[in-house]
Every structure is written in C-alpha cells, then in structure tokens.
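Enquirer: Quick one: sequence plus predicted model below, questions after.
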Amino acid sequence: MTADKEKRRAISREAARRRRRVESEVFEDLSRLLPLQQSVRDHLDKPSVIRLTLSYIRMHALLKAFSGKFGTKAESSQTVKCGQLMDSGGDRRHRDGGRDEEEKRTEDGELEETNMYLKILEGFLIVLSTDGDMIYLSDNVSKYMGLTQTELMGHNIFEFTHPCDHEEIRNNLRLTAEEVWCGAKRDFVMRIKSALTHRGRSANLKSATWKVLHCQGRAKVCVTPSSVSCLLLTCQPLPLSHTLLSTHTFTSQHSMDMKFTYCDQRITPLLGYSTEELLGRSIYDLCHTLDTQCLTKNHLNLCCKSQSVSGQYRMLVRGGGYVWVESHSAVIPSVRPSKSRPGAHHPLCILCVTYVLSGVEKPSLLLSLGQTADRYLS
C-alpha cells in the first residue's frame with residue numbers, strides 16, 4: 001500500500017515538473033515576442049510578461065483601429081511613427097533582415113526625428129484607456145519618474161497618483177457623446193509618484209515623493225464594433241523654479257488669496273504698471289473677465305497640489321487693451337513650527353513666473369477703471 005502511494009506521488013511530482021517546464025517555455029516564447037531588449041526581457045517575471053503582452057496587444061489594436069478609421073497616407077505615416085516609438089527599445093534584427101536598405105534608412109530617420117521631439121518636449125508621452133490603464137509610455141519616462149517603461153506599462157494610473165486627484169482624473173477619462181465625435185482636448189494637473197531623489201538617483205517606490213505633472217492632450221475615439229478609445233497625453237513636470245529667458249517675463253509673489261506682495265520691475269515696460277501700485281491688489285483685478293475661470297482653476301490647483309500652470313489668459317494693460325500671458329506658479333511653504341515660532345504650518349506665499357506671449361491687443365479698449373489712468377505707451 002505504501003509503495004503504491006509513493007508511486008502515485010512520484011508520478012504527480014513528475015507531472016507537476018512537466019507542467020512547470022511547459023509553462024516556462026510558453027512564457028519564454030511570449031517574452032521573445034515583446035519588442036524589448038534582451039537585457040530587459042531577462043529580468044521579467046511571469047506577471048510582468050502577461051502585463052506587457054496585454055499592453056502591446058491593446059496598443060496594436062489602437063493603432064490598427066485609428067489607421068483603419070482614417071485610411072489616409074498621413075495617418076498611416078503617423079501609425080508607423082507610433083509603432084517605431086513603441087519598438088524603440090526593441091530588438092529589430094529579425095524584422096530588418098528582409099527589408100530594403102532605403103526603407104530602413106527612412107525608418108531610422110523617422111525614429112531619430114521622434115527621439116528629437118521627445119527631447120524638445122521636456123516630458124513624456126502616455127496613452128491611457130478610459131479605465132485608466134497605462135497602455136503605453138515613452139521610454140524617456142524614467143528620466144522624470146525614476147521608474148522604467150516596463151515597470152509602468154499595464155498598470156493602472158490610479159495606483160501611482162495622489163488619491164485626492166483621482167476624481168479629476170476620472171472626469172478627464174470620461175467621454176461624453178459630443179466628445180466621441182470631436183475629440184475633446186484635455187488639460188489638467190495631477191500628482192504622481194516619483195522614485196527620483198533630489199540628486200537624480202532612483203530610490204525605492206516605498207519612499208517615493210509626489211511630482212506634479214501638467215498633462216495636455218486629446219481624447220482619441222474610434223467608433224468601431226470594439227469601440228476603441230483612449231487618452232493621448234503629454235506629461236511635463238512642473239519645475240519648482242523657473243529661469244527668466246527674456247525681457248518678456250516677470251516674477252511676482254502673492255498671498256494665498258492672490259494679492260500682490262511683490263512684483264519685479266520687468267512688469268512696467270510690459271503692462272505699464274509700477275510695482276508700488278500693484279501691492280495689495282488682486283491678480284483677478286488685472287485679468288480679463290472672460291478668463292476668470294482659467295485663473296480660478298489655476299488657483300484651486302495651487303491650493304491643492306502646490307504647483308500649477310494657468311494656461312493662456314488675458315492680462316489688462318494700463319491705459320487700455322490686453323496681452324496674452326501664461327503663469328507658472330508654486331506655493332512656497334513657511335518655516336516649520338519650532339519652540340521659538342509656535343503655531344501651525346501655513347504656506348508663506350505663492351510664487352508666479354508669468355510669460356507675456358503677445359503684444360498689446362486692442363489698445364484703445366478700456367475694460368476696467370484701473371485702465372483709465374495714464375495710457376500705456378509702447
């Protein structure tokens with residue numbers, strides 16, 4: 001009886017070893033199909049292989065759906081570029097074998113062009129499903145987050161973003177009937193985990209900090225039997241400080257209700273106001289009435305996320321008219337409470353760097369009583 005039991009156990013162990021061997025071979029074959037470098041594939045575990053395979057299948061379905069929807073030469077070219085971007089880290093030796101030399105030179109040129117765009121962008125690309133799954137990220141994401149492309153693809157965006165930002169992200173992922181046809185724009189700010197230290201080194205995800213990203217893009221919808229849709233976004237980290245690149249830039253400090261507490265003298269030749277007359281005035285007094293919502297959204301993002309970018313809005317010029325500007329803002333915290341300075345930890349001020357994007361438009365138009373003083377002289 002004991003011998004029969006041992007025999008059954010031996011047969012069971014051998015069958016289990018055979019299943020594990022077959023399973024390992026299947027996963028090895030599957031990993032070889034992924035457009036990744038051999039060094040990356042060697043370190044993938046089985047869940048990662050499944051996760052990345054599903055992401056590339058979904059990305060392939062998206063590219064196929066959109067190229068089939070438009071069917072134009074330009075769209076086909078764009079699809080090729082996206083495919084090359086997805087395969088940028090991959091091993092293309094087998095695919096290149098039978099290709100024409102001229103075709104390879106063309107694709108290498110397009111890949112070089114794509115990499116150049118990513119460098120100029122100072123950010124990374126992300127493709128999100130309507131459920132928030134990160135279907136694709138450009139491989140330069142590690143430069144900004146300290147996490148590699150393969151570590152993030154296939155995961156859900158909500159696993160890495162601040163809980164207080166989840167509702168805003170869901171609102172941007174949601175598509176209305178009108179947006180299905182027009183491909184609505186998206187422009188929002190979110191906080192995401194970053195494993196980068198202050199010295200630029202990668203740390204453990206458990207000790208990650210929050211990085212503020214400015215996300216811009218469009219909802220891409222293809223009305224097919226599978227109803228393929230996604231969000232294509234560019235994500236740019238908001239720096240804690242800015243460099244004044246030209247004379248068309250000025251800095252200012254504000255209290256938490258956006259009243260001026262300081263403004264540098266660059267504003268005088270740009271908007272006509274002296275630094276003294278702005279002290280104590282709200283930035284809303286200088287904003288075009290139709291752009292108040294833009295500033296309010298920026299103000300709320302600042303209070304909640306400590307950094308924000310306003311988008312383009314109009315600032316009134318002293319003497320008449322307005323200019324188009326964009327403000328990058330950050331909350332500068334106060335010194336932490338101590339025995340000598342008891343009390344709660346309150347923000348000290350808001351620092352704004354404002355870029356003037358245009359000349360004075362409609363200089364004869366008066367939109368507020370503050371413009372009825374000496375007319376602005378260009």
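Expert: Here it is on my side, so go on.

Enquirer: Show me which residues of stretch 316-336 are buried.
Expert: Within stretch 316-336, the residues scored as buried using 16 or more other C-beta atoms under 10 Å are 316-331. Any C-beta I mention is one placed from the backbone N, CA and C, and that applies to glycine too.

Enquirer: Quick check: the farthest pair among those residues?
Expert: G320 and V331 (33.3 Å; C-beta to C-beta).

Enquirer: okay, now the closest residue to S48 other than its chain neighbours: neighbour count?
Expert: Once flanking residues are discounted, S48 sits nearest to T150: 6.9 Å by C-beta to C-beta, 6 or more residues apart in numbering. T150 sits with 22 neighbouring residues when counted by other C-beta atoms under 10 Å.

Enquirer: Which strands or helices does the host helix or strand of T150 pack on?
Expert: For T150, the host element (DSSP states H and E) is helix 149-152. Helices and strands touching helix 149-152, by 3 or more C-beta pairs under 8 Å, 6 or more residues apart in numbering; DSSP states H and E, are strand 134-137, helix 141-145.

Enquirer: buried stuff in it?
Expert: 149-152.

Enquirer: that older thread, can I get the helices and strands packed on helix 149-152 in JSON lines with distance to E277 and mean pLDDT?
Expert: Formatted as JSON lines, the helices and strands packed on helix 149-152 follow (distance: least, C-beta to C-beta, whole Å; pLDDT from 0 to 100):
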{"stretch": "strand 134-137", "distance to E277": "48", "mean pLDDT": "89"}
{"stretch": "helix 141-145", "distance to E277": "40", "mean pLDDT": "85"}
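
Enquirer: So what's the gap between the host helix or strand of E167 and the chain middle?
Expert: Element membership for E167, per DSSP H and E: helix 166-173. Distance, stretch centre to chain centre, for helix 166-173: 14 Å (C-alpha atoms, centre = their mean, to the nearest Å).

Enquirer: list the buried ones in it?
Expert: By neighbour count, with 16+ other C-beta under 10 Å as the criterion, the buried positions of helix 166-173 are 168-169, 172-173.

Enquirer: re the thing from before, deepest of the helices and strands packed on helix 149-152, which one?
Expert: strand 134-137 (a mean of 22; mean count of other C-beta atoms under 10 Å).

Enquirer: Who are the packing partners of it?
Expert: Helices and strands in packing contact with strand 134-137 are listed as helix 46-70, strand 124-128, helix 149-152; criterion 3+ C-beta pairs under 8 Å, 6+ apart.

Enquirer: Turn these into CSV, including mean pLDDT.
Expert: Listed next are the helices and strands packed on strand 134-137 as CSV, based on pLDDT from 0 to 100:
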stretch, mean pLDDT
helix 46-70, 76
strand 124-128, 89
helix 149-152, 85
